[in-house]
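Student: Attaching a predicted model along with its sequence, questions to come.
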Amino acid sequence: MRLLLLGGTKFVGRAVAEEAVARRWEVTALNRGTQPAPEGVRVLLGDRTAEDGLAALGTGEWDAVVDTWSWAPAAVRASARRLNGRVGHYAYVSSRSVYDYPLRPGADETAPVVPAAPDLTGEVPYAEAKRGAELALEEEFGGSALLVRAGLILGPYEDIGRLPWWLNRIARGGPVLAPGPRDLPLQYIDGRDLAAWTLDAVAARLGGPYNVVSPAGHTTMGGLLEACVRATGSDAELRWTDPERILAAGVQPWTELPVWLAPGELYDYLHGCSVARAVAAGLRCRPVAETVEDTWAWLRSIGGDAPQRADRPSVGLDPAREAELLES
């Protein structure tokens, strides 16, 4: 397979590049060249935010393209128009954020989505940006474009900082504020499993939207944090704390306590979708222990500090606030 990657040096794009190279696909990546691409990837320089930033794609044909763009959808519209007729299949890593809030538990790909437009430029909210990009591809390719609606993504190369924060916090040891309930089911996807499923789907020429995240309950909050304790080998003591007490203290779920949400509408929205369609199309998710151990190994290999996306706020609970909650 001749694969074109739009990106290919960070988190999901890097995982896709490495998976494709491992399959002995011929991989070309268009990016700004600010970070090295994985070995075996041919790089074309281009900045999708610049005028004529797609000039390097003026010639060439590919069996498929994988696009991970997360900003204004006009860039996806431009790449779709430039490549239409020269790529066999177009896959876009979208997001479950395109769904209109709230969602009923177990909602599938037919759930209502947020309003958006394919030609938006400038600063565009994340959900509208992802949905607008989907519309741009539907406009150019109809229902044949693959829309990979990923949920929470964890694993090596993570540049949001969620799992890295938990690993580094637990590695410090001592009492750790663990947000309950301990058996709270989670939905997430290892970036490498997302990459493998996407390339399988590309090879099978699947089209339309797919929720790509683990089945509900693939692990729990307890399973995740206990895996972090085992991976780091620390003496951390997980002190499970009721959601009501955490919320009453003004602690922000998802940001101050990454991954975690208290049971309720937002939890149902982010941790309760149906993935039956993706599972039927071959989605397989590795055990949480493997994701945690590999992320910890990667963190140690780079000195412990995970890269941080400039367009996302840093995550994690201030140590003084944590200590105060543990003592109260």
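Tutor: That came in fine, so what should we check first?

Student: From here on, just use CA atoms for contacts and neighbour counts.
Tutor: Fine.

Student: Does Gly88 touch Trp62 like I think?
Tutor: Yes: at 6.6 Å, Gly88 and Trp62 qualify as touching, with contact defined as C-alpha atoms under 8 Å.

Student: For stretch 253-264, C-alpha coordinates in CSV please.
Tutor: What follows is stretch 253-264, C-alpha atoms only, in CSV (Å, rounded to 0.1, in the frame of the first residue of the first chain):
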residue,chain,number,x,y,z
PRO,A,253,-12.8,16.4,36.7
TRP,A,254,-10.9,15.5,33.5
THR,A,255,-8.4,18.3,33.8
GLU,A,256,-7.2,18.3,37.5
LEU,A,257,-7.9,14.6,37.7
PRO,A,258,-7.2,13.4,34.2
VAL,A,259,-9.4,10.7,32.6
TRP,A,260,-11.8,10.7,35.5
LEU,A,261,-15.4,12.0,35.4
ALA,A,262,-18.0,11.6,38.1
PRO,A,263,-21.0,9.5,37.1
GLY,A,264,-23.6,11.6,35.3
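
Student: Okay, buried residues for that stretch please.
Tutor: For stretch 253-264, the neighbour count (16 or more other C-alpha atoms under 10 Å) marks Pro253, Thr255, Glu256, Leu257, Pro258, Val259, Trp260, Leu261, Ala262 as buried.

Student: Name the residues that touch that stretch?
Tutor: 152, 162-163, 165-166, 179-180, 221, 243, 247, 251, 267, 314-318 (C-alpha atoms under 8 Å, 6 or more residues apart in numbering).

Student: Could I have the buried ones of the residues you listed as PyMOL selection syntax?
Tutor: Buried subset of those, written as a PyMOL selection, criterion 16+ other C-alpha under 10 Å:
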select buried, resi 152+162+163+165+166+179+180+221+243+251+267+315+316+317
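
Student: Just the ones of the contacts of stretch 253-264 in strands?
Tutor: Among the contacts of stretch 253-264, the ones falling in strands (DSSP state E) are Pro179.

Student: three-state assignment of Ala323?
Tutor: Assigned with DSSP: H, G, I helix; E, B strand; the rest coil, Ala323 falls in the helix class.

Student: Sorry, slip of the keys, the one I care about is Ala201.
Tutor: Ala201 ends up helix, using three-state DSSP.

Student: what ranges do the helices span in this protein?
Tutor: Ranges of helices in the chain, per DSSP state H, are 11-22, 74-83, 126-141, 162-171, 191-203, 221-232, 243-248, 265-271, 276-280, 288-301, 319-327.

Student: Out of those helices, which is closest to Leu54?
Tutor: Of all the helices of the chain, helix 74-83 sits nearest to Leu54, with 7.3 Å by C-alpha to C-alpha.

Student: Which strands or helices does that closest one pack on?
Tutor: helix 126-141 (3 or more C-alpha pairs under 8 Å, 6 or more residues apart in numbering; DSSP states H and E).

Student: Please tell me how far the helix it packs on is from the chain's geometric centre.
Tutor: Centre-to-centre, helix 126-141 and its host chain are 17 Å apart (C-alpha atoms, centre = their mean, to the nearest Å).

Student: What angle do helix 74-83 and that helix make with each other?
Tutor: Counting by axes from the mean of the first three to the mean of the last three C-alpha atoms, to 10 degrees, helix 126-141 lies at 20 degrees to helix 74-83.

Student: what is the mean pLDDT for helix 126-141?
Tutor: The average pLDDT for helix 126-141 rounds to 97.

Student: residues of that helix that come out buried?
Tutor: Under 16+ other C-alpha under 10 Å, the buried positions of helix 126-141 are 127-138, 141.

Student: Among these, which pair sits farthest apart?
Tutor: The largest separation in those, counting by C-alpha to C-alpha, is between Ala127 and Phe141 at 21.0 Å.

Student: Give the bridge partners for the residue positioned nearest the centre of the chain, please.
Tutor: Closest to where the C-alpha atoms of the chain average out (C-alpha atoms, centre = their mean) is Ile153, at 3.5 Å. Beta bridges link Ile153 to Ile189 when assigned by DSSP bridges.

Student: now swap in Pro185 and tell me
Tutor: Assessed by DSSP bridges, Pro185 has beta-bridge partners Thr220.
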